[in-house]
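Asks: Show me how the following folds:
(chains A and B)
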Amino acid sequence: MDCQDVRARLLEDQRGRLAPEIRADLRAHILDCAACARTDSAERALTQVLDRGLPQYPASLALKRRLEAEWPASPRVAALAATAPAWWRRWGRSLVPALALAAALLAVLPLYRALVPPFDARTALVTEAVNDHLRVLASQQPLEVQRGGIHQVKPWFEGRLDFAPVVAFDGDAEFKLEGGAVGYFLDRRAAVFVYRYRLHAITLLVFRADGISWPEHGLAPLGTIHASQLASRGFNVVLWRAGGLGYALVSDTEPGVLARLAPRIVEG
Amino acid sequence: MLTTAGAAPSGARADCYSEAMAAGSGADPGVALGREALAYVDALHNLARYLTGNAADAEDLVQETYLRALRSAGQFAPGTNLKAWLFRILRNTHISMYRRRRNDPTVGGLDTVDPDTQGTADDAWLLGDLDLDRLRNLVAQEIEEALMRLSEDARAVVLLDLEGLTEAEVAGIMGCAVGTVKSRLARARATLRQLLADYAK
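Replies: Residues are numbered from 1 along each chain as shown, chains lettered A, B, ... in the order given. Sure, this is the predicted structure:
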């Protein structure tokens, strides 16, 4: 078995579809051939990345219910489906369960609101924000761009993010802007700014807010923004949205300090 | 409640349907087929989402796929792979519903890595465990972006392979020869490796 044969069969080997004797030949070749071993590692790494990291888009519950309702309970219904007008086949019958579901949701929603605390979205965001803050603190070289003011830090993000972080506060004697870095917030890239307040590090994360479940209740006005102020594991967190971007301010300093800083981030 | 089909093995065949047919038990084979077919809705929706690029079109595509499957239920051969049959209907439906009405340059994406340079590309970036670790640390958004840069056919082949379908089954879905699937899959994965390596730098 030569290198070309081996490489053509690496995926089949990964999928467990090779006959035992062919697989034995292939593995023996890989043991002796560094180039094929590298290709094998590359193929396995790619499969692993796709298996674990590629977002999956399952069907919505509403679609499942529609399809379940549409599949015939008897051949008679199938015959009806085949003879119904095209527009009805495509849309009409789907409206019935959709409307029923909407009515049920309308009836259940107030009860759900009363029973389920509206903090799930906040908890997930706060946990992520605190974890990101800890990553910045734990990193040996947390900042990829150092000091120099906001007009040096912000342009540094160009080409590194698919959005422009809107941060107006340049830092001052009380809150010194230490620098910035590219990080991650949940499944997306984030601009990370680090301010220093006395001996406390304050991390500001700016990220695209689309597709993130965001707290709608319990927001407090802080200057021109409306924010959630929360605490987790001894850290204080302020969360808000503005202009399609999400903001998370995290530190172990007092909540009042973050409440002073948050509006200045957007107002300057 | 429906079950999900994301983890359904490739070897999963139309068990309920086949049993109903074989037993002659009086159970309605159409209903049994429907129950089995609906178990694959998550896998179908996932492929539809990556083919259409948006949630609304994906839902329409899946709904139309099941409608066509329902009308063609009599053509399904018991004992063959129901999942592959549904994927074939979905792909054909996608072609007839979306491709011809769309003039989108992203339809023709990347999948044209020169096979002769494939080994060189591997050698160039996969030099050690550090590179592999970087690749594994890519986030979901980057992986999805890389996949969406492939052409529709290349994307479909990669996703169908990940669903555990054999090359012969993928060839049946795509309407091409097994050899074409092999080369298309190899090119698509090589392109993906290059794109992801760029992200991992």
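Asks: low pLDDT regions in the stretch 1-150 of chain A?
Replies: The model of the stretch 1-150 of chain A has pLDDT under 70 over residues A:71-99, A:107-121, A:139-150.
Asks: now the helices for it?
Replies: For the stretch 1-150 of chain A, the helices defined by DSSP state H, counting those that start in this stretch cover A:3-14, A:20-32, A:34-53, A:61-70, A:75-83, A:86-87, A:93-115, A:120-138, A:150-156.
Asks: swap in chain B?
Replies: Taking DSSP state H, the helices of chain B run over residues B:15-23, B:29-38, B:41-52, B:55-71, B:82-97, B:115-125, B:129-136, B:140-148, B:152-162, B:167-174, B:178-200.
Asks: Highest mean neighbour count out of those helices?
Replies: helix B:41-52 (a mean of 24; mean count of other Cβ atoms under 10 Å in any protein chain shown). C-beta here means a position set from N, CA and C on the backbone, and glycine is covered the same way.
Asks: quick check, that one touching chain A?
Replies: Yes. Applying Cβ under 8 Å from any Cβ of the partner chain, one finds helix B:41-52 in contact with chain A at B:41-42, B:44-46, B:49-50.
Asks: pLDDT averaged over that helix - what is it?
Replies: For helix B:41-52, mean pLDDT rounds to 94.
Asks: before we move on, what about stretch A:192-201?
Replies: Mean predicted lDDT for stretch A:192-201 stands at 89.
Asks: List the buried residues for it?
Replies: Buried residues in stretch A:192-201, counted by 16 or more other Cβ atoms under 10 Å in any protein chain shown: A:192-195, A:197, A:201.
Asks: Among those, name the ones in helices.
Replies: Those of those lying in helices (DSSP H): none at all.
Asks: ok, those residues vs chain B, which is closest?
Replies: A:V192 (14.6 Å; Cβ to the nearest Cβ).
Asks: got the contact list for that closest one?
Replies: Contacts for A:V192 were tallied using Cβ atoms under 8 Å, 6 or more residues apart in numbering or on different chains; they are A:132, A:136, A:180-183, A:203-205.
Asks: filter those residues down to the ones near chain B?
Replies: Okay, of the contacts of A:V192, nothing touches chain B (Cβ under 8 Å from any Cβ).
Asks: Now the buried members of these.
Replies: In terms of neighbour count (16+ other Cβ under 10 Å), the buried residues within the contacts of A:V192 are A:132, A:136, A:180-181, A:183, A:203-205.
Asks: rewinding a little: mind giving me a markdown table with the helices of the stretch 1-150 of chain A and columns for distance to A:R264?
Replies: A markdown table is the format used below for the helices of the stretch 1-150 of chain A (distance: least, Cβ to Cβ, whole Å):
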| stretch | distance to A:R264 |
| --- | --- |
| helix A:3-14 | 53 |
| helix A:20-32 | 59 |
| helix A:34-53 | 37 |
| helix A:61-70 | 43 |
| helix A:75-83 | 62 |
| helix A:86-87 | 56 |
| helix A:93-115 | 34 |
| helix A:120-138 | 18 |
| helix A:150-156 | 12 |
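Asks: of all these, which lies closest to A:G218?
Replies: helix A:120-138 (8.0 Å; Cβ to Cβ).
Asks: What is that closest one packed up against?
Replies: When contacts are defined as 3 or more Cβ pairs under 8 Å, 6 or more residues apart in numbering or on different chains; DSSP states H and E, helix A:120-138 packs onto strand A:175-185, strand A:188-197, strand A:200-208, strand A:225-232, strand A:235-242, strand A:245-251.
Asks: Relative to B:L162, which of the helices of the stretch 1-150 of chain A is closest?
Replies: So among those, helix A:34-53 is nearest, using Cβ to Cβ, at 5.8 Å.
Asks: Okay, buried residues for stretch A:27-45 please.
Replies: Neighbour-count burial for stretch A:27-45 [16+ other Cβ under 10 Å]: A:29-30, A:33, A:36, A:38-43, A:45.
Asks: same thing with stretch A:255-265?
Replies: In stretch A:255-265, counting by 16+ other Cβ under 10 Å, buried: A:257-259, A:261-265.
Asks: With distance to chain B added, can I get the residues you listed in a markdown table?
Replies: Below are the buried residues of stretch A:255-265 laid out as a markdown table (distance: Cβ to the nearest Cβ, whole Å):
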| residue | distance to chain B |
| --- | --- |
| A:V257 | 31 |
| A:L258 | 27 |
| A:A259 | 31 |
| A:L261 | 28 |
| A:A262 | 26 |
| A:P263 | 30 |
| A:R264 | 30 |
| A:I265 | 24 |
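Asks: Looking at the residues you listed, which is nearest A:G53?
Replies: Nearest to A:G53 among the buried residues of stretch A:255-265 is A:I265, at 31.4 Å by Cβ to Cβ.
Asks: Apart from its neighbours in sequence, what residue is nearest the closest one?
Replies: A:F169 (5.0 Å; Cβ to Cβ, 6 or more residues apart in numbering or on different chains).
Asks: Now do the SS call for that neighbour.
Replies: Put simply, A:F169 is coil when judged by DSSP: H, G, I helix; E, B strand; the rest coil.
Asks: quick one on the thing from earlier: could you export the buried residues of stretch A:255-265 as a markdown table, including pLDDT, secondary structure and distance to A:P155?
Replies: Below are those laid out as a markdown table (pLDDT from 0 to 100; DSSP: H, G, I helix; E, B strand; the rest coil; distance: Cβ to Cβ, whole Å):
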| residue | pLDDT | secondary structure | distance to A:P155 |
| --- | --- | --- | --- |
| A:V257 | 92 | helix | 28 |
| A:L258 | 94 | helix | 26 |
| A:A259 | 93 | helix | 29 |
| A:L261 | 94 | helix | 22 |
| A:A262 | 94 | helix | 23 |
| A:P263 | 92 | helix | 24 |
| A:R264 | 92 | helix | 20 |
| A:I265 | 91 | helix | 18 |
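Asks: for the helices and strands packed on helix A:120-138, which one sits closest to A:K64?
Replies: strand A:188-197 (27.7 Å).
Asks: residues in the stretch 101-250 of chain A within reach of chain B, list them.
Replies: Counting by Cβ under 8 Å from any Cβ, the stretch 101-250 of chain A sits next to chain B at A:184, A:187-189.
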